[in-house]
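Colleague: Quick one, fold the following:
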Amino acid sequence: TITVPILDNSYGENTENFFVNLSGATNGVTIIDATGEGTITDTDPPIPNNVPLSLYREFSGYYDYTTTGGSLRTQPNGTNACSITTASSNTLLSPIPAGATIERAYLQWAHSNFNPDEVVTFEGQSVTADIIYGSTLTNRQFYGYLSDVTTLVKSIGNPSTNVYDFTGLNVDAGDPFCSTQTVLGGWTLMVFYELPTLPAVTINLYQGFSGESNSSSSYTLSGFFAIGATGSKTTVVSWEGDQTLANNERLSVTSGSGLAITLSGDGDNNGITTNNPFNSTIYDNTVTPNINITTSHGLDLDTYNISSVVQPGESSVTTTVQSGQDFVIVNSVLLKVPSNLITGLVFEDVNYPGGAGRNATVSAGKPVVGARVELYDSSGNLNRSTTTDTDGKYVIGGMANGTYRARVVNSTVKSTRGGGTGCSTC
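Modeller: Here you go, the predicted structure:
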């Protein structure tokens, strides 16, 4: 028996061959054929290349978010575009308010390499990618990753002041990347939190990994309904943009009603005499004082106030990415707008005495977890749905103004009484 250990990862690789050579036979045994060849065929799906942005996650409720990130490149193109380090650290760009609860945290990373590297070290712990993307440019390959690190970030004593450490990413800084000034290595962290005193919003996270060079792409971002403009913002994460290359670049947002804004203010990108949105900056003009870091070589993590283009009733915006000579990979876009919300609680009155129903307080109701709640419009059409959380609560957001009816699906409601969770018809 011959055993060949393999790494059972989640992405497809090319077919690989291995050879076995036999020798040193004993006890009079003669080896007639001493050489064998085996083939390892990978049945996992291939890593998708140049994936356009699409809705990945929606947060509707009393939410906001904060970000941070860094680059493993240490110098700009004009000095040494191939100089890299092995570790990067940063703090959150804005603090998480006291009393807020972290709902979700996502770590992203990207690099130049012909081989994927889906395992990195974040905060001293090994993190494996949940999603892997690829992007190609002539003879070069780039990869991007996303991992849910909510549990890890929640375990940190004070996430607002913590210095987040990232390391363990294999960056290819040799040719053809070095000679073409396309060495890439970096990371970002997005933390979404909930606080009852925050305004009601919808925050949509759109994910992809699409390269642009001498081209332009427009992404229509939908899945929300804005009831106002105050607090509206967008965050764009892109890779490999360089401050020294600014020809024919533009990043803009156009509302569904036709109002448009050129996103600017980051680094030398003033949107008038210089359009250079992909210029290796970490920027945020929604906080005071504004943040404008210009040394995140190869990483753009930019947050812009877009309240001037979001009008009540908007249900979509179009983000346009245009690049000339500079190669730019658009990884993710965050969009936050004020939103309608419908909230409620699904509970069981365990000691129901009959007659009129009792509210949760009077009945000391037990929360029903995982119940499906459906929202129907005034014409009886299903608009949206969700499930109750561990407290029996549900939140549905992003719907247009109107009259709605909420329905709890009977088959998803399980009693908290003994044997209730196994009952399929009660």
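
Colleague: for stretch 194-209, how far is the first residue from the last?
Modeller: For stretch 194-209, the separation between the terminal residues is 28 Å (Cα to Cα, to the nearest Å).

Colleague: mind checking how far it is from the chain centre?
Modeller: 12 Å (Cα atoms, centre = their mean, to the nearest Å).

Colleague: So which bits of that stretch are buried?
Modeller: Within stretch 194-209, the residues scored as buried using 16 or more other Cβ atoms under 10 Å are Glu194, Ala200, Val201, Thr202, Ile203, Asn204, Leu205, Tyr206, Gln207, Gly208, Phe209. (Each C-beta comes from the backbone N, C-alpha and C, glycine too.)

Colleague: need the helices for the protein, in chain order.
Modeller: Taking DSSP state H, the helices of the chain run over residues 77-80, 150-154, 360-363.

Colleague: Mind putting the ones you listed into TSV with distance to Gln108, mean neighbour count and mean pLDDT?
Modeller: Conversion of the helices of the chain to TSV gives the following (distance: least, Cβ to Cβ, whole Å; neighbours: other Cβ atoms under 10 Å; pLDDT from 0 to 100):
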stretch	distance to Gln108	mean neighbour count	mean pLDDT
helix 77-80	23	14	90
helix 150-154	14	16	98
helix 360-363	40	12	90
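
Colleague: can you redo those helices as TSV with distance to Ser232?
Modeller: Shown next, in TSV, are the helices of the chain (distance: least, Cβ to Cβ, whole Å):
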stretch	distance to Ser232
helix 77-80	34
helix 150-154	25
helix 360-363	34
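
Colleague: Out of those, which gets nearest to Asn90?
Modeller: Across the helices of the chain, the minimum distance to Asn90, taken as Cβ to Cβ, is reached by helix 150-154, at 13.7 Å.

Colleague: Show me what the closest one is in contact with.
Modeller: Residues lying outside helix 150-154 but in contact with it, judged by Cβ atoms under 8 Å, 6 or more residues apart in numbering, are Ile102, Glu103, Arg104, Ala105, Phe122, Glu123, Gln125, Val127, Pro159, Leu189, Val191.

Colleague: what's near enough to touch the fourth one?
Modeller: If I follow you right, that is Ala105. Asp148, Val149, Thr150, Leu152, Val153, Lys154, Leu189, Met190, Val191, Phe192.

Colleague: let's see 7 Å
Modeller: Contacts for Ala105 were tallied using Cβ atoms under 7 Å, 6 or more residues apart in numbering; they are Val149, Thr150, Val153, Leu189, Met190, Val191.

Colleague: Name the spans of this protein whose pLDDT lies under the cut-off.
Modeller: Along the chain, segments meeting pLDDT under 70 span 7-14, 246, 419-426.

Colleague: Would you mind listing the two of the contacts of helix 150-154 that lie farthest apart?
Modeller: Pairwise distances across these peak at 20.2 Å for Glu103 and Gln125 (criterion: Cβ to Cβ).

Colleague: more neighbours, those two?
Modeller: The residue with more neighbours, out of Glu103 and Gln125, is Glu103; 17 against 11, by other Cβ atoms under 10 Å.

Colleague: Tell me who's in contact with the more buried one.
Modeller: For Glu103, the contacting residues are Phe59, Tyr63, Phe192, Tyr193, Glu194, taking Cβ under 7 Å, 6+ apart as the criterion.

Colleague: count of neighbours near the second one?
Modeller: Per other Cβ under 10 Å, the neighbour tally for Tyr63 reads 23.

Colleague: tell me the contacts of it?
Modeller: Tyr63 is in contact with Glu103, Phe192, Tyr193, Glu194, Leu198, Val201, Ile203, counting by Cβ under 7 Å, 6+ apart.

Colleague: Please report the distance of it from Phe192.
Modeller: Distance check for Tyr63 against Phe192: by Cβ to Cβ, to the nearest Å, it reads 6 Å.

Colleague: which residues do the two both contact?
Modeller: With contacts defined as Cβ under 7 Å, 6+ apart, the residues shared by Tyr63 and Phe192 are Glu103, Ile203.

Colleague: if we can go back for a sec, tell me which of the helices of the chain lies nearest to Gly36.
Modeller: That would be helix 150-154 among the helices of the chain, by Cβ to Cβ, at 45.2 Å.

Colleague: follow-up on the earlier one: which member of the contacts of Tyr63 is positioned nearest Asn275?
Modeller: Distance ranking of the contacts of Tyr63 against Asn275, using Cβ to Cβ, places Ile203 first at 27.4 Å.

Colleague: For the closest one, give me its contacts.
Modeller: By Cβ under 7 Å, 6+ apart, Ile203 lies in contact with Phe59, Tyr63, Tyr65, Phe192, Leu334, Lys336.

Colleague: Show me the two of the residues you listed that sit farthest apart.
Modeller: The two members of these with the most space between them (Cβ to Cβ) are Tyr63 and Leu334, at 11.2 Å.

Colleague: residue contacts, Thr15?
Modeller: Thr15 sits in contact with Thr39, Ile40, Thr41, Asp42, where contact means Cβ under 7 Å, 6+ apart.

Colleague: ok, Glu240 - how many residues close by?
Modeller: Around Glu240 there are 28 other residues, counting by other Cβ under 10 Å.

Colleague: cool, and Thr67?
Modeller: When neighbours are defined as other Cβ under 10 Å, Thr67 has 22 of them.

Colleague: Report the spatially closest residue to it, excluding sequence-adjacent ones.
Modeller: In space, and not counting its chain neighbours, Thr67 is closest to Met190: 5.2 Å by Cβ to Cβ, 6 or more residues apart in numbering.

Colleague: Thanks a lot, see you next time.
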